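Colleague: Build the 3D model from these lines:
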Amino acid sequence: MAEKKIRVLVAKPGLDGHDRGAKVIARALRDAGMEVIYTGLRQTPEMIAEAALQEDVDAVGLSILSGAHMALVPRVMELLRANGQDKVKVFLGGIIPDEDVITLQKLGVTGIYGPGSPTQKIIDDIRNSVAALA
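Modeller: Predicted coordinates for the structure are as follows:
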């Protein structure tokens with residue numbers, strides 16, 4: 001029997017209209033054999049959590065360049081937990097100040113990546129975190 005493909009939701013929460021990085025990551029994950037669902041721009045935390053539930057994903061990748069990560073990420077995490085998706089791994093990409101990293105990790109964010117992060121590291125981190133649940 002074939003190994004189950006990792007399912008990843010890639011989302012752009014908030015009003016940030018820059019999605020090039022999210023699209024690069026979505027393509028890299030797809031090329032690495034993962035099933036990728038890209039929600040598009042200007043998603044609310046509620047829309048992201050609902051899509052994660054409906055798509056039965058293993059991981060959610062959030063791309064935030066607007067500086068609103070300390071408002072958006074906690075809300076997404078709260079909604080995922082409310083949906084019973086405690087095991088869904090959350091990854092964050094964008095412009096994240098060093099002083100916010102520890103707080104986000106304490107909230108449960110598995111990986112945080114800034115501009116120029118190697119896509120292979122992101123792929124490996126997602127694979128390893130999802131495999132740890134199996």
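
Colleague: Please count neighbours and contacts with C-alpha atoms only from this point.
Modeller: Will do.

Colleague: remind me which residues of the chain are low pLDDT?
Modeller: Flagging of the chain using pLDDT under 70 yields the residue ranges 1-2.

Colleague: rerun that using 90 as the cut-off
Modeller: Where the chain drops to pLDDT under 90, the residues are 1-4, 14-19, 132-134.

Colleague: Going along the chain, name the helices of this structure.
Modeller: 20-31, 45-55, 69-82, 98-107, 119-131 (DSSP state H).

Colleague: Mean neighbour count and distance to Gly14 added to the ones you listed, as a markdown table?
Modeller: Converted to a markdown table, the helices of the chain look like this (neighbours: other CA atoms under 10 Å; distance: least, CA to CA, whole Å):
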| stretch | mean neighbour count | distance to Gly14 |
| --- | --- | --- |
| helix 20-31 | 17 | 14 |
| helix 45-55 | 18 | 8 |
| helix 69-82 | 18 | 7 |
| helix 98-107 | 12 | 17 |
| helix 119-131 | 16 | 22 |
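
Colleague: which non-adjacent residue is nearest Glu35?
Modeller: Distances taken as CA to CA, 6 or more residues apart in numbering put Arg7 closest to Glu35, at 4.7 Å, once the chain neighbours are dropped.

Colleague: Great, nothing more from me.
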